[in-house]
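Peer 1: everything below, folded, please.
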Amino acid sequence: MACKLIVLAALVAVARAGYLGAPAVYAPGAPIAARAYAAPVAYAAPALRAAPVAAAVPAAVAAEYDPHPQYSYAYDVQDALTGDSKTQHESRDGDVVQGSYSLVEPDGSIRTVDYTADPVNGFNAVVHKEAGAHPAPVVAKVAAPVAYAAPAIAKVAAPVAYAAPAYGKAILG
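Peer 2: Take a look at the predicted model:
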C-alpha cells in the first residue's frame, strides 16, 4: 500500500511541476557529435506571469476600417426538380441596410419579407403573403366513427388423440 502511495505522490508531483521546457535547439551547421551528446537542460520553476496586456492594433489593420461601408448582393434559386424557389437581395449604404427575400411556402403561397435596419429605428420587417399556384390542402371530413364488432371466435372440434408409434410387429386381427 505504501508503494502505491509513493507512486501516486510522484505522479502528482510530476503533473504539478508544469512544462519541463523545450529540448535544446542546435544550429543547422552544428557537428553531429554536438547534437548527439548535448548537456542536459536544467529545469527552472515557472515564474509568475503578469496579467496580459492588450496589444496595440497594427496600423495596417486600422487603415482598413471603412467609416461608410457599402455593398449589394442578390441571388435567385428556381429548381424545378425539387420545387425550391427563393430569392434575396440586400444592400448597405453606411449604417442603413435594406433588403428583401421571398420563398414558396409548403401550401404554395409566396411569402415576401421586406426589411430595413438603421441605428435610429433598429430592424423592421414587413411580411407579405400571396396566394400561390398550389391550392391549399383540403382536409377531408370524416363521418361518425363506425362501431367495431369483435370477430366471432370459431369453435374448434376437440383435438384428435395422438397415438405413439408401435415398435415391433403389428398385430392384425
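
Peer 1: low pLDDT regions in the protein?
Peer 2: Scanning the chain for pLDDT under 70 picks out 17-63, 133-173.

Peer 1: mind checking the longest helix of it?
Peer 2: helix 2-17 (DSSP state H).

Peer 1: for it, list the C-alpha coordinates in CSV.
Peer 2: In CSV, the C-alpha atoms belonging to helix 2-17 read as follows (Å, rounded to 0.1, in the frame of the first residue of the first chain):
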residue,chain,number,x,y,z
ALA,A,2,2.9,2.3,0.8
CYS,A,3,4.3,1.7,-2.7
LYS,A,4,1.1,2.8,-4.3
LEU,A,5,1.0,5.9,-2.2
ILE,A,6,4.6,6.8,-3.2
VAL,A,7,3.9,6.2,-6.9
LEU,A,8,0.7,8.4,-6.7
ALA,A,9,2.6,11.1,-4.9
ALA,A,10,5.3,11.0,-7.6
LEU,A,11,2.7,11.3,-10.4
VAL,A,12,1.0,14.2,-8.7
ALA,A,13,4.4,16.0,-8.3
VAL,A,14,5.3,15.5,-11.9
ALA,A,15,1.8,16.7,-13.1
ARG,A,16,2.0,19.8,-10.9
ALA,A,17,5.6,20.6,-12.0
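
Peer 1: how about it: buried residues?
Peer 2: By neighbour count with 16 or more other Cβ atoms under 10 Å, helix 2-17 contains no buried residues. The C-beta positions use only the backbone N, C-alpha and C, and glycine is treated the same way.

Peer 1: and for stretch 95-115?
Peer 2: 97, 99, 100, 101, 102, 104, 110.

Peer 1: for that stretch, which outside residues touch it?
Peer 2: 83-92, 116-119, 123-137 (Cβ atoms under 8 Å, 6 or more residues apart in numbering).

Peer 1: kindly report the same for stretch 65-79.
Peer 2: Residues external to stretch 65-79 that are found in contact with it (Cβ under 8 Å, 6+ apart): 84, 85, 86, 87, 88, 89, 90, 91, 92, 93, 94.

Peer 1: TSV please, covering those and showing secondary structure, distance to residue 70 and neighbour count.
Peer 2: Converted to TSV, the contacts of stretch 65-79 look like this (DSSP: H, G, I helix; E, B strand; the rest coil; distance: Cβ to Cβ, whole Å; neighbours: other Cβ atoms under 10 Å):
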residue	secondary structure	distance to residue 70	neighbour count
84	strand	30	11
85	strand	29	15
86	strand	25	15
87	strand	21	15
88	strand	18	15
89	strand	15	14
90	strand	12	16
91	strand	8	13
92	strand	6	16
93	strand	6	13
94	coil	7	12
